[in-house]
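Participant: I would like the atomic coordinates for the input below:
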Amino acid sequence: WGITMAVFNASSIPSSIFYLTGIPGYEAIHHWISIPFCILYFIGIAGNCTILHAIRTDSSLHEPMYYFLAMLSFADMGMCLPTLASVLRVLWSISREIEFNTCVTQMFFIHSFSFMESAVLLAMAFDRYIAICHPLRYTTILTPQRIARIGIVAFLRSSLPVIPLMIRLIYFPFCHSHVLSHSYCLHQDIMRLACADTKFNSIYGLVVIALYWGLDSLGILVSYIFILRSVLSIASWEERLKALNTCASHICAVLILYVPMIGLSIVHRFAKHASPLVHVLMADIYLLVPPVLNPIIYSVKNKKIRRGIIYLFTPKRIHSTLR
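Facilitator: Model prediction:
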């Protein structure tokens, strides 16, 4: 199947239909490969739904830090849910076809929510800065109204820059192969199949990534410089560790988003001749690692979240003992 797909052209398939590859070279064991994918999707969706439900139902979690965590879980869900059907359909050999409009919609959600996740991580860095450097003003600065505005701005800021790329793709002719390299649609992947000048998409995409990820990562870095300066001024070593421990989950979340994201961008732009398997693995890591690991990290590292989840799954008659 993998060999025959490569020879498809515009005369043999409808122009609105594209074909997803799955894991190249491992088509014969796609059913087995689907097992870890199902487990990862289940962990990611169940974990983030649990975090969201715990924050919604537990009044002790109605604080700025946990509102931002809810936004992070929402962004994680937005990254992985749009690809669930197409990935499992390919791995279960049900269908490899995907409509172009569906493909564009899927790309929009993946890229928009990945930008949103970066914006939320920046907001969470600001939250940690206020909590450690200006603790007495924490509740007056991060009011519910201000947090809501931050969430709206993060969503709009993440979605609007992706729209020009999607509009350009709609008008591209695809006169050669219609075979995509992954189990879902990515902008860089479908752009290489276009029979048109894609310079605008390449330059605009690179500028948006550098601007957004660059500014977000710079903002996070500056926040932690101020946090470290404030923490080092604390005389007690135990108090320093306690203050830094409140940032550990956020630092882990930053790393598990930015490392795969940067790796995928480098592979797509500067390692085009690398093995197709490398491209696929990097794309899958970028898609699934943050949604899977973020709930685990916050459940393990954050006592309040852990207590909220336990409280969620225990009978009401023993809630008072947990309080």
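Participant: how far away is Thr21 from His279?
Facilitator: As judged by CB to CB, to the nearest Å, Thr21 and His279 stand 10 Å apart. (Each C-beta comes from the backbone N, C-alpha and C, glycine too.)
Participant: Show me the common contact partners of the two, please.
Facilitator: Taking CB atoms under 8 Å, 6 or more residues apart in numbering as the contact definition, Thr21 and His279 share the neighbouring residues 181-182.
Participant: Might you report the residue contacts of the nearest residue to Gly25 once chain neighbours are set aside?
Facilitator: Closest residue to Gly25 in three dimensions, ignoring its sequence neighbours and counting by CB to CB, 6 or more residues apart in numbering: Leu277, at 6.5 Å. With contacts defined as CB under 8 Å, 6+ apart, Leu277 is in contact with 23-25.
Participant: all strands of this protein, in order?
Facilitator: Using DSSP state E, the strands of the chain run over 17-19, 97-99.
Participant: How about the first one, which residues are buried there?
Facilitator: For strand 17-19, the neighbour count (16 or more other CB atoms under 10 Å) marks 18-19 as buried.
Participant: picking up where we left off before, got a winner among the contacts of Leu277 for most neighbours?
Facilitator: Neighbour counts for these (other CB atoms under 10 Å) peak at Ile23, which has 21 neighbours.
Participant: Do I have it right that that residue meets Val280?
Facilitator: Yes. Assessed by CB atoms under 8 Å, Ile23 is found in contact with Val280 at 6.0 Å.
Participant: Can you show me the helices along this structure?
Facilitator: 2-5, 30-57, 64-91, 100-133, 138-141, 144-159, 163-170, 187-191, 199-232, 237-270, 276-301, 303-312, 319-322 (DSSP state H).
Participant: What mean pLDDT does the fourth one get?
Facilitator: Averaged over helix 100-133, pLDDT sits at 92.
Participant: any idea of the angle that helix forms with helix 276-301?
Facilitator: Taking axes from the mean of the first three to the mean of the last three CA atoms, to 10 degrees, one finds helix 100-133 and helix 276-301 inclined to each other by 40 degrees.
Participant: What of the third one?
Facilitator: Here the directions of helix 64-91 and helix 276-301 differ by 150 degrees (the same axes, to 10 degrees).
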